[in-house]
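Engineer: compute the structure for the input listed below.
(one chain, ligands or ions: 1)
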Amino acid sequence: MNQAIRFDYSNARGFVRQHEWEQLAPAIGQAHEMLHKRTGPGRDYLGWVDWPNKYDRVEYERIRQAAARIQADSDVLLVIGIGGSYLGAKAVLDVLGHSFYNLLPKSKRRSPEIYFVGNNISPVYISHLMDVLEGKDVSINVISKSGTTTEPAIAFRLLRNWLENKYGREQAKKRIYITTDKARGALKKLAEDEGYESFVIPDDIGGRFSVLTAVGLLPIAVSGADMDALMKGAQDASERYMVMDLAENPCYQYAAIRNALYRKGKTVELLVSYEPQFRFFAEWWKQLFGESEGKDGKGIFPAAAEFSTDLHSLGQYIQDGMRHLFETVVTVNKPAIDVTVEEDPLDVDGLNFLSGKRMGFVNKKAFEGTVLAHVDGGVPNLLVEMPEATAYHLGALIYFFEKACGISGYLLGVNPFDQPGVEAYKANMFALLGKPGFEQQKAELEARLRDNKTYLTVEETAAYLELPETFILEKIHQGKIRALHDGYEYVINKEQFNHHMEEMRKLREFEEAARHETVPESYDVKDED
Ligand SMILES: O=P(O)(O)OC[C@H]1O[C@](O)(CO)[C@@H](O)[C@@H]1O
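Structural biologist: Just a heads-up that it's a prediction; the model follows:
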């Protein structure tokens, strides 16, 4: 086996008492059993646990071939997906690829340009992307387990159209690759109807645990990264982190110590890296832990910081602000490339004491100094060290965090494999967009939006009061309107306004009747003093 990920929690142990640590050992054992014997909540979503050993070799070869085709016939691969259907691939591409891979000249690139889209609903982003596509040969990999997620579905609709306009429907078919459920969903049906090549997201693997399936592997293979090494790293890690004993298993130690810290009020975990290439690794990690643990009113809030960049923005807070933070620093022992700081004869910046030193060395000293300062400031520090940023070690790191996440979720007492909370925004969005079946919610939500609003437009106010716009002098303020009617100004709420209108109607009837000398009974004329 290759060298392993090193986990060091010595800079956090001082924040946890010995008995608090020891008490976690039996709970870890229980969580291990729940995961491996599949007796815990979410047991139907544990396919990722032994996936690095049992993945479908036939499909794996098909991925390799499809990637070779895309590399040969495309200048650009568009990866459409959101959440777990894009973050893992983006993380791997960034860690293993060139920092500016899309900008490198073709001669220096192993792969097409790769852009991720369908992970937001921004018309600006997709329009700008389409500008980049002009004159280029393009393929699309659309990834969605459910096949119905709004963000990727809108992007796919627009980009499929774009592709069909460019190549014609038949040729476009050869450039569309679908990754979805093996049997269900809109995308699966479309793939069958249109004859698109498709890949499977296994039933028992949730989005945030799916990077080592076709979800991540097709874009990773297209990028030219070594997916064999990635899978091997994960496979070795799955064996390494099988031991139940807390003292022997660094992955379980990470799960245990973060829970011990959480119980002591350290409710925010910052995943820190000193390499910008890890920015999306942190995004992937945030979804992994946030969606798995943030439920039932519990959970560590997963956040990320990039050092030394953020030491010049967030550094003050981390050192000195509210003491609810701990850090998990992901470092790479040996940077892929290093650069020497040169001697400057004038030494205007006073940095000649660094002459001849490597930037990697300077970065390391920044890290060491920061850990000491933050620990002194009351921020426990955990260290996860990769020997090198290679595909093998990245595969191992991915598995390390996936398994720690499952164990940690069980320690916390939640179901780490569902995400019911994500549905709330979706239901509201669908209702407000007028999706059939959401009519009742639509009316309720729109009423709430109106009440929450400080001001409505004149048109909205008129519609709300079911009145012609001519009645409205000013907009609604906190449910009240300022209205001008028949020369009078009123500041009233809707009920008062309607009542007033009814009174006005009766008064007009009365005046009309008076002209004809017949007073309607409905009008209650009060005696004047
Ligand atoms: O692959 P899908 O079904 O489009 O889902 C994308 C993402 O959306 C979520 O379901 C949350 O809405 C994530 O769990 C998932 O990774």
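
Engineer: show me which residues of the stretch 251-400 of the chain are close to the ligand?
Structural biologist: E291 (C-beta under 6 Å from any ligand atom). Every C-beta, even on glycine, is put in place using the N, C-alpha and C of the backbone.

Engineer: would you map the strands across the stretch 251-400 of the chain?
Structural biologist: Under the criterion DSSP state E, counting those that start in this stretch, the stretch 251-400 of the chain contains strands at 268-273, 301-306, 325-334, 381-388.

Engineer: got it, and the stretch 401-529 of the chain?
Structural biologist: Counting by DSSP E, counting those that start in this stretch, the strands of the stretch 401-529 of the chain are 480-485, 488-493.

Engineer: so for the first one, mean pLDDT?
Structural biologist: Right, the one you point to is strand 480-485. For strand 480-485, mean pLDDT is 63.

Engineer: count the residues that sit near D181.
Structural biologist: Using other C-beta atoms under 10 Å, D181 is surrounded by 18 other residues.

Engineer: same check, this time on S210
Structural biologist: 26.

Engineer: re earlier: let me have the strands of the stretch 251-400 of the chain in a markdown table, adding distance to Q287 and mean pLDDT as columns.
Structural biologist: Below are these laid out as a markdown table (distance: least, C-beta to C-beta, whole Å; pLDDT from 0 to 100):
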| stretch | distance to Q287 | mean pLDDT |
| --- | --- | --- |
| strand 268-273 | 12 | 98 |
| strand 301-306 | 8 | 98 |
| strand 325-334 | 15 | 96 |
| strand 381-388 | 18 | 97 |
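
Engineer: which one of the ones you listed lies nearest to H500?
Structural biologist: Checking the strands of the stretch 251-400 of the chain against H500 by C-beta to C-beta gives strand 301-306 as the closest, at 50.3 Å.

Engineer: that closest one packs against which elements?
Structural biologist: strand 268-273, helix 279-293 (3 or more C-beta pairs under 8 Å, 6 or more residues apart in numbering; DSSP states H and E).

Engineer: what helices or strands is the longest one leaning on?
Structural biologist: Packed against helix 279-293 by the contact rule (3+ C-beta pairs under 8 Å, 6+ apart) you find helix 87-96, strand 268-273, strand 301-306, helix 391-412.

Engineer: repeat that for the shortest one.
Structural biologist: Counting contacts by 3+ C-beta pairs under 8 Å, 6+ apart, the secondary-structure elements packed against strand 268-273 are helix 279-293, strand 301-306, strand 325-334.

Engineer: so the longest one versus strand 301-306, what angle?
Structural biologist: Okay, so that is helix 279-293. Helix 279-293 runs at 170 degrees relative to strand 301-306, counting by axes from the mean of the first three to the mean of the last three C-alpha atoms, to 10 degrees.

Engineer: so what's whichever residue of the stretch 301-450 of the chain sits closest to the ligand up against?
Structural biologist: Distances between the stretch 301-450 of the chain and the ligand by C-beta to the nearest ligand atom are smallest at V422, namely 3.9 Å. By C-beta atoms under 8 Å, 6 or more residues apart in numbering, the contact set of V422 is E291.

Engineer: let me have the helices and strands packed on strand 301-306 in CSV, extended by mean neighbour count.
Structural biologist: Shown next, in CSV, are the helices and strands packed on strand 301-306 (neighbours: other C-beta atoms under 10 Å):
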stretch, mean neighbour count
strand 268-273, 23
helix 279-293, 23
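
Engineer: out of those, which is closest to K365?
Structural biologist: With C-beta to C-beta, the closest approach to K365 among these belongs to strand 268-273: 15.6 Å.

Engineer: so F15 is in which element?
Structural biologist: F15 is part of no helix or strand when elements are defined by DSSP states H and E.

Engineer: count the residues that sit near the nearest residue to it once chain neighbours are set aside.
Structural biologist: The shortest distance from F15 to any non-neighbouring residue, by C-beta to C-beta, 6 or more residues apart in numbering, is to P380 (4.5 Å). By other C-beta under 10 Å, the residues close to P380 number 25.

Engineer: give me every residue in the chain lying close to the ligand.
Structural biologist: 82-85, 144-146, 149, 152, 207-208, 291, 419, 422.

Engineer: the stretch 51-200 of the chain: helices as residue ranges?
Structural biologist: Applying DSSP state H, counting those that start in this stretch to the stretch 51-200 of the chain gives helices spanning 51-54, 57-73, 87-96, 123-133, 150-167, 169-173, 186-194.

Engineer: buried ones in the first one?
Structural biologist: So the one you mean is helix 51-54. Neighbour counts over helix 51-54 (16 or more other C-beta atoms under 10 Å) mark W51, P52 as buried.

Engineer: which other helices and strands contact that helix?
Structural biologist: Packed next to helix 51-54, using 3+ C-beta pairs under 8 Å, 6+ apart, are helix 227-240.

Engineer: please name every helix or strand in contact with the helix it packs on.
Structural biologist: Against helix 227-240 (3+ C-beta pairs under 8 Å, 6+ apart) you get helix 51-54, helix 214-222, helix 391-412.

Engineer: just the C-alphas of the last one, formatted as PDB.
Structural biologist: Spelled out, that is helix 391-412. The C-alpha coordinates for helix 391-412 follow below in PDB (Å, rounded to 0.1, in the frame of the first residue of the first chain):
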ATOM      1  CA  ALA A 391      -5.000  11.000  -7.800                       C
ATOM      2  CA  TYR A 392      -4.200   8.200  -5.500                       C
ATOM      3  CA  HIS A 393      -4.100  10.300  -2.400                       C
ATOM      4  CA  LEU A 394      -7.100  12.300  -3.400                       C
ATOM      5  CA  GLY A 395      -9.100   9.100  -3.800                       C
ATOM      6  CA  ALA A 396      -8.000   8.200  -0.300                       C
ATOM      7  CA  LEU A 397      -8.900  11.600   1.100                       C
ATOM      8  CA  ILE A 398     -12.400  11.500  -0.400                       C
ATOM      9  CA  TYR A 399     -13.000   8.100   1.200                       C
ATOM     10  CA  PHE A 400     -11.600   9.400   4.500                       C
ATOM     11  CA  PHE A 401     -14.100  12.200   4.700                       C
ATOM     12  CA  GLU A 402     -17.000  10.100   3.400                       C
ATOM     13  CA  LYS A 403     -16.600   7.500   6.000                       C
ATOM     14  CA  ALA A 404     -15.900  10.000   8.800                       C
ATOM     15  CA  CYS A 405     -19.100  11.700   7.800                       C
ATOM     16  CA  GLY A 406     -21.200   8.600   8.000                       C
ATOM     17  CA  ILE A 407     -19.700   7.700  11.400                       C
ATOM     18  CA  SER A 408     -20.000  11.300  12.700                       C
ATOM     19  CA  GLY A 409     -23.600  11.500  11.700                       C
ATOM     20  CA  TYR A 410     -24.400   8.400  13.600                       C
ATOM     21  CA  LEU A 411     -22.500   9.700  16.700                       C
ATOM     22  CA  LEU A 412     -24.600  12.800  16.400                       C
END
